[in-house]
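K.L.:
Everything below, folded, please.
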Amino acid sequence: MRVKYFYGYNIVAAGFIIQAVGVGAMFTYGVFFKEFQAEFGWSRAAISGASSLAFLMMGLVGIIAGKMNDRIGPKVIIVVSGISMGLGYMLMSRLQTLWQLYLLYGVLVGIGFSTHDVITLSTVARWFERRRGMMSGFVKVGTGSGQFLVPLIATLLIAAYGWRNSYLIIGSAALVIFVAVAQVLSRDPQAIGLLPDGDSHDSHDNGSGSRQESVTLRAAARTGQFWILCVAEFYGTGSHGVLFGIVLASGTIGGAIGPLMAGVTFDTTGSYRIAFLLLTLLAVIGFVLILLLKPPREEGARS
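P.N.:
Coordinates of the predicted model:
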């Protein structure tokens, strides 16, 4: 018997592309860093501060985006974030002053960054239950692909066309790709008459129940596990967007502090050694917290 193609695979493919473009664009900042220094003479701390602001915006707006995704779905949110990112990058081609760097990159591009994780992974979590981990993994492969390819492309563009035209090209491409890919996204399979994992309604009725009836933000916040780590096996998917957004926001605090701290450290000492030691210590602490992570008691989470 011929197996019917499951639309959820389109969601995974869209998530892969969003991750590759969004995270890849984020990692081009280091490529343009020396261009800013050479043309404007700004300090490393000043240039890094714009990256810190972008991470902060990514975290704060990510909470709002996650909450909206729980209610209206991903399509409009990805379109808006793509427009914000694309315009921010395109306007960077006209950059002249430091405050413009903070406004265009720190705010506009930062808003564009806010959706690449919370929207893609939260949406995939609703489309898949049994294969949720595998499909989320496929989406995150886009992260590594983007980290490798997009900075390389940016380097080639700068060599060929200069950094200003390169920003114009990157911004245009990001805008078009985000808006186009958003058109295939849907909040959950039920929205188009399907079930998670492509299950039939008969098999679903016979025991493959959904976990959409999940905990609220208030209930989840009373568990220690929420403050260590949230993805959907712990709390279900009903409020997954806002829960995941809050957890990711805590990570962006470190992302905001890190670049600024590293820039100040280099400007002061002429080396990144102290910054790398601190980051290593924080990584070890995070690893220990993950080892201590245990599923919350169901009755406690739902109280």
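K.L.:
Surely R126 is in contact with A191?
P.N.:
No. Counting by Cβ atoms under 8 Å, A191 is not a contact partner of R126; they are 9.3 Å apart. Where you see a C-beta, it was placed from the backbone N, CA and C, and this is true even at glycine.
K.L.:
More neighbours: the two, which one.
P.N.:
R126 (30 against 10; other Cβ atoms under 10 Å).
K.L.:
Okay, and the more buried one sits in which element?
P.N.:
Using DSSP states H and E, R126 sits in helix 118-127.
K.L.:
cool, and I17?
P.N.:
Per DSSP H and E, the secondary structure element for I17 is helix 8-26.
K.L.:
Report the angle between that helix and helix 118-127.
P.N.:
Compare the direction of helix 8-26 with that of helix 118-127 by axes from the mean of the first three to the mean of the last three Cα atoms, to 10 degrees and you get 160 degrees.
K.L.:
could you say what helices and strands helix 8-26 packs with?
P.N.:
Applying 3 or more Cβ pairs under 8 Å, 6 or more residues apart in numbering; DSSP states H and E, one finds that helix 8-26 contacts helix 75-92, helix 110-113, helix 118-127, helix 132-161, helix 163-182.
K.L.:
Let me know the pLDDT of the closest residue to L95 other than its chain neighbours.
P.N.:
Distance criterion Cβ to Cβ, 6 or more residues apart in numbering; nearest residue to L95, sequence neighbours excluded, is L101 at 6.1 Å. Turning to L101, the model gives it a pLDDT of 97.
K.L.:
How about G162?
P.N.:
At G162, the predicted lDDT confidence score is 97.
K.L.:
Tell me the spacing between it and E39.
P.N.:
Taking Cβ to Cβ, to the nearest Å as the criterion, G162 is separated from E39 by 10 Å.
K.L.:
next one: A20
P.N.:
The spacing between A20 and E39, counted by Cβ to Cβ, is 29 Å.
K.L.:
more neighbours, the two?
P.N.:
Under the criterion of other Cβ under 10 Å, the comparison of A20 against E39 puts A20 first, with 23 against 12.
K.L.:
Quick check: that one touching G146?
P.N.:
Yes. In this structure A20 lies within contact range of G146 using Cβ under 8 Å: 3.6 Å.
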